[in-house]
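K.L.:
Predicted model and sequence below, questions to follow.
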Protein chains: 2
Amino acid sequence: MASQLTHQHLHSHFLARPRFPGSTSRLCRSRVRMSLQENAPSLAVVGVTGAVGQEFLSVLADRDFPYRSIKMLASKRSAGQNIAFQDRNYVVEELTEDSFNGVDIALFSAGGSISKEFGPLAVDRGTIVVDNSSAFRMQDGVPLVIPEVNPEAMEGIKVLRMVVSTYQAASGAGAAAMRELEQQTHEVLAGKQPTCKIFQRQYAFNLFSHNSSVLPNGYNEEEMKLIKETRKIWNYKDVKVTATCIRVPVMRAHAESVNLQFENPLNEDTARDILKNAPGVVVIDDRASNNFPTPLEVSNKDDVAVGRIRRDVSQDGNFGLDIFVCGDQIRKGAALNAVQIAEMLL
Amino acid sequence: MASQLTHQHLHSHFLARPRFPGSTSRLCRSRVRMSLQENAPSLAVVGVTGAVGQEFLSVLADRDFPYRSIKMLASKRSAGQNIAFQDRNYVVEELTEDSFNGVDIALFSAGGSISKEFGPLAVDRGTIVVDNSSAFRMQDGVPLVIPEVNPEAMEGIKVLRMVVSTYQAASGAGAAAMRELEQQTHEVLAGKQPTCKIFQRQYAFNLFSHNSSVLPNGYNEEEMKLIKETRKIWNYKDVKVTATCIRVPVMRAHAESVNLQFENPLNEDTARDILKNAPGVVVIDDRASNNFPTPLEVSNKDDVAVGRIRRDVSQDGNFGLDIFVCGDQIRKGAALNAVQIAEMLL
């Protein structure tokens, strides 16, 4: 396999929830069918004890991803832990520069600084890296991939402008943030002061502007990622995008309210048909029963759900649409996406 | 006083939280200074046992609103309850067509159907009605008033188009919805199935499209109220508005992500100065410390908080702004607004 640094997009605004509460420490379900195969690639999962790392294992098992060996890698703190996966027990190893010797494909989800340090080291050893962090997303020469989205998919539907407001779950900030939301909720319900460690403010029964740093232009890093990565994923640098990213007290899945302006008319029925036929998308748009996507319903699901598809009354003719989108950020937003990319590489 | 039907705008997207949990049954704080005055108007509070009704009393006390008598009115179910208000005890009376005899000003917040039935009856008896429901909001001849907002205030700042996404609290659906969110949260944390009565779906750790009916154009009633009422309040029928209204698991205050397009340039510093000097508005916009409005911080506050004020990078020059807004829907969104209108009438 070619030595190559391949990065996936943590489509940070499409995220959902595991078996809550106490979901993050779950072991992956074991399956009768084993994916262990002699001539399959050797794998490594970097950050295996995290929320996304655990989901990597779950997705690999669900998709019968073939492998001849798998290394469970994490920080020194987590080394020595036991992980049961597909009827075998593994011991978590500390991530070092020698971890990638003999590894064909490494799935990274351990934060940007780990990716920056160990990604190039892995590539030097001939490992293909599928990186979930934002470390290399905007770097020239590094593809930013959502398997279902390619520039051709956008042909004929030219978006001129997009206004996005997000409803982002705790999971985007990792397993500790999910535990903090749960703990705070217990405390607030008991009339106690909430313990604030990750976000420095009450999260339970509250919401707040995304916790990433605010840049000189007034946008935070999460919003600018959304703006820039949309252009890169669509390979369409002139699309105008603005975004407001808000953290809401939801565990696992992200949601987005999206207002779209098109170059050519696109009526809502045509848009609905396109979305119904799009891979990785499910349309939930039942006006009569007020049934639309919710974070809870997409949790642990592969598909991104789209609904509230309607002609924007603030734009002339059929040049605008409003939609509402929910997706499991751990699964589709991170783990599934990475494994799909790895499948494409096989 | 003239016989007149005066309606306020339940600025339904600006709402916040009481002393949570168990807030809705609280009695209003008593104050040393009494507002009982011989030559002051006689008042009636319709729906006094509800979340907004209780807040009416709190605001009347806080503002030393003068009155010579006050009637506590509610449905038959609540009649007979005791309410302590400004060192006196009152018994809740059943609302009937004779309730308004001798009443100068009635504050209504008991739902649209009660307003439709009893509002005109009160007016027939010479009572001035300040109605918090949506029953008469769009009726010609009935003013729709937010005391701080008047058409002159909008002069010089012509908004061409506004894209709004809301983050609406439980309180907008009344005290029972707040209790349901609390109960469901207890249940989910305990690993139980949540009890769904008001919304027919899990609300705890979830969010969903606003529960109002969806109209043939795909917008729900809440969104169309927001669109139409904005035009009426601003007295500017050509403004283009689109809205997506989402219910989030927050108790009391609403939030909104608002994208604005102006006819003339308005840079963010000027906008911030205008907002800082606007009555009823507080600017919370500290980029360095990531401190912006949250529903929790505006709860039980009179002012609407605005932050995340920034030039919209998706629009040319200074023709666009993004902002984020939070307000206490029970207090400013309903009760305070109504009492301010009553003060204007005195």
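P.N.:
Alright, I've got the coordinates. Numbering: from 1, shown residues only, chains lettered A, B, ... in the order given.
K.L.:
quick one, what contacts residue A:107?
P.N.:
Going by CB atoms under 8 Å, 6 or more residues apart in numbering or on different chains, residue A:107 touches A:43, A:44, A:45, A:46, A:56, A:130, A:132, A:335, A:338, A:339, A:342. The C-beta positions use only the backbone N, C-alpha and C, and glycine is treated the same way.
K.L.:
List buried members of these by neighbour count.
P.N.:
Buried members of those, scored by 16 or more other CB atoms under 10 Å in any protein chain shown, are A:43, A:44, A:45, A:46, A:56, A:130, A:132, A:335, A:338, A:339, A:342.
K.L.:
Please, where are all the helices along chain A?
P.N.:
According to DSSP state H, chain A carries its helices in the segments A:51-62, A:112-124, A:175-189, A:221-234, A:268-276, A:295-298, A:337-345.
K.L.:
Mean pLDDT for those - can I get that in JSON lines?
P.N.:
Compiled in JSON lines, those are given as follows (pLDDT from 0 to 100):
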{"stretch": "helix A:51-62", "mean pLDDT": "95"}
{"stretch": "helix A:112-124", "mean pLDDT": "94"}
{"stretch": "helix A:175-189", "mean pLDDT": "97"}
{"stretch": "helix A:221-234", "mean pLDDT": "94"}
{"stretch": "helix A:268-276", "mean pLDDT": "95"}
{"stretch": "helix A:295-298", "mean pLDDT": "97"}
{"stretch": "helix A:337-345", "mean pLDDT": "91"}
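K.L.:
Can you give me the end-to-end span of stretch A:185-193?
P.N.:
Stretch A:185-193 has an end-to-end distance of 10 Å (CA to CA, to the nearest Å).
K.L.:
Kindly report the same for stretch A:290-302.
P.N.:
By CA to CA, one end of stretch A:290-302 lies 23 Å from the other end.
K.L.:
For chain B, what's the nearest residue on the stretch 51-200 of chain A?
P.N.:
residue A:165 (3.6 Å; CB to the nearest CB).
K.L.:
in terms of contact, does that residue touch residue A:242 like I think?
P.N.:
No - using CB atoms under 8 Å, residue A:165 is not in contact with residue A:242, being 9.5 Å away.
K.L.:
So which of the two has more stuff around it?
P.N.:
residue A:165 (28 against 25; other CB atoms under 10 Å in any protein chain shown).
K.L.:
got a list of what the more buried one touches?
P.N.:
By CB under 8 Å, 6+ apart, the neighbours of residue A:165 are A:243, A:244, A:246, A:256, A:257, B:165, B:244, B:257.
K.L.:
hmm, which two among those are most spread apart?
P.N.:
Spatially, the most separated pair among the contacts of residue A:165 is A:243 and B:244, at 14.3 Å (CB to CB).
K.L.:
Residue B:99: which of the contacts of residue A:107 is nearest?
P.N.:
Using CB to CB, residue A:335 is the member of the contacts of residue A:107 that sits closest to residue B:99, with 61.5 Å.
K.L.:
Might you report the residue contacts of the closest residue to that closest one other than its chain neighbours?
P.N.:
Spatial nearest neighbour of residue A:335, excluding adjacent residues (CB to CB, 6 or more residues apart in numbering or on different chains): residue A:55 at 3.6 Å. The contact partners of residue A:55, by CB under 8 Å, 6+ apart, come to A:18, A:330, A:331, A:334, A:335, A:336.
K.L.:
likewise residue A:74?
P.N.:
A:46, A:47, A:48, A:49, A:50, A:53, A:81, A:92, A:93, A:94, A:95, A:110.
K.L.:
who wins for most neighbours among those residues?
P.N.:
Counting neighbours by other CB under 10 Å, the top entry in the contacts of residue A:74 is residue A:46, with 31 neighbours.
K.L.:
That residue against residue A:110, yeah?
P.N.:
Yes - here residue A:46 reaches residue A:110: they are 5.1 Å apart, a contact under CB under 8 Å.
K.L.:
Enumerate every residue touching residue A:307.
P.N.:
A:283, A:284, A:285, A:286, A:291, A:292, A:293, A:323, A:324, B:209.
K.L.:
how about residue A:143, phi and psi?
P.N.:
Note on residue A:143: backbone dihedrals following degrees, to the nearest 10 are phi -70, psi 140.
K.L.:
Next, count neighbours for the closest residue to residue A:282 other than its chain neighbours.
P.N.:
Closest residue to residue A:282 apart from its sequence neighbours, by CB to CB, 6+ apart: residue A:303 at 4.3 Å. Other residues near residue A:303 number 20, with proximity taken as other CB under 10 Å.
K.L.:
what's near enough to touch residue A:303?
P.N.:
Contacts for residue A:303 were tallied using CB under 8 Å, 6+ apart; they are A:280, A:281, A:282, A:327, A:332.
K.L.:
Show me which of those is closest to residue A:123.
P.N.:
Looking across the contacts of residue A:303 and measuring by CB to CB, the closest to residue A:123 is residue A:332, at 25.8 Å.
K.L.:
For stretch A:260-271, C-alpha coordinates in PDB please.
P.N.:
C-alpha atoms of stretch A:260-271 as PDB (Å, rounded to 0.1, in the frame of the first residue of the first chain):
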ATOM      1  CA  LEU A 260     -29.600  27.600   1.400                       C
ATOM      2  CA  GLN A 261     -29.500  29.900  -1.600                       C
ATOM      3  CA  PHE A 262     -29.100  28.400  -5.100                       C
ATOM      4  CA  GLU A 263     -27.900  29.800  -8.400                       C
ATOM      5  CA  ASN A 264     -30.700  28.000 -10.200                       C
ATOM      6  CA  PRO A 265     -34.200  27.200  -9.000                       C
ATOM      7  CA  LEU A 266     -34.600  24.000  -7.000                       C
ATOM      8  CA  ASN A 267     -38.100  23.300  -5.700                       C
ATOM      9  CA  GLU A 268     -38.600  21.400  -2.500                       C
ATOM     10  CA  ASP A 269     -40.000  18.300  -4.100                       C
ATOM     11  CA  THR A 270     -37.000  17.900  -6.300                       C
ATOM     12  CA  ALA A 271     -34.700  18.500  -3.400                       C
END
